[in-house]
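Q: pasting the sequence and the predicted coordinates here, then a few questions.
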Amino acid sequence: MKIRAHTAFKFTHDNGETQEFVTGVHDVSEDVAQHWFVQAHAEIIGAVEDSAQADHETVITELRASIAELTQQLAERDTQTMELKQQLEDRDTQIAELMISGDPQPTGNQTANGGKNGGNKK
């Protein structure tokens, strides 16, 4: 197993033999890695890396799904934008044609109902 020592320490094995660990990564037996004193000064990184890799794969898969969904939404918005631009161009064309003809067609008789300059004062 691999451990990453965050603090330098000296470990005494069950047989009385001592081993010094400096800050950094070390290969040790599982018994040494699981010892409470070693765990107080280091962390096991082999198991963490394996689970972290699996976690990363899960996150990557979720992010790819989100990207695909957002890409689809963006395509739909692009289509809506193009349709609205076309409607705007059509209306601009209609307005221009009405202005060129010089015959704006009012929506009703404005002077008869007191509209523009045609008040019903008696």
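A: Nice, I can see it.

Q: can we go C-alpha only for contacts and neighbour counts from here?
A: Fine.

Q: quick one: mean pLDDT over the longest helix along the chain.
A: Taking DSSP state H as the criterion, the chain has its longest helix at helix 46-101. Averaged over helix 46-101, pLDDT sits at 89.

Q: run the chain-centre distance for it.
A: 13 Å (CA atoms, centre = their mean, to the nearest Å).

Q: ok, stretch 86-106 next?
A: Centre-to-centre, stretch 86-106 and its host chain are 43 Å apart (CA atoms, centre = their mean).

Q: would you map out the domains in the protein?
A: For the chain, automatic domain parsing gives the domain ranges 2-44, 50-101.

Q: out of the ones you listed, which is the most enclosed?
A: Compared across the domains of the chain, domain 2-44 shows the largest average neighbour count, a mean of 15 (mean count of other CA atoms under 10 Å).

Q: from residue 9, how far off is the closest residue to residue 10 other than its chain neighbours?
A: Excluding its sequence neighbours, the residue lying closest to residue 10 (CA to CA, 6 or more residues apart in numbering) is residue 20, at 4.3 Å. Going from residue 20 to residue 9 by CA to CA, to the nearest Å gives 6 Å.

Q: next one: residue 75
A: Shown here: residue 75 relative to residue 9, a distance of 59 Å by CA to CA.

Q: repeat for residue 53
A: Distance check for residue 53 against residue 9: by CA to CA, it reads 29 Å.

Q: contacts only, for the residue nearest to residue 10.
A: Residues near residue 20 by CA atoms under 8 Å, 6 or more residues apart in numbering: 8-11.
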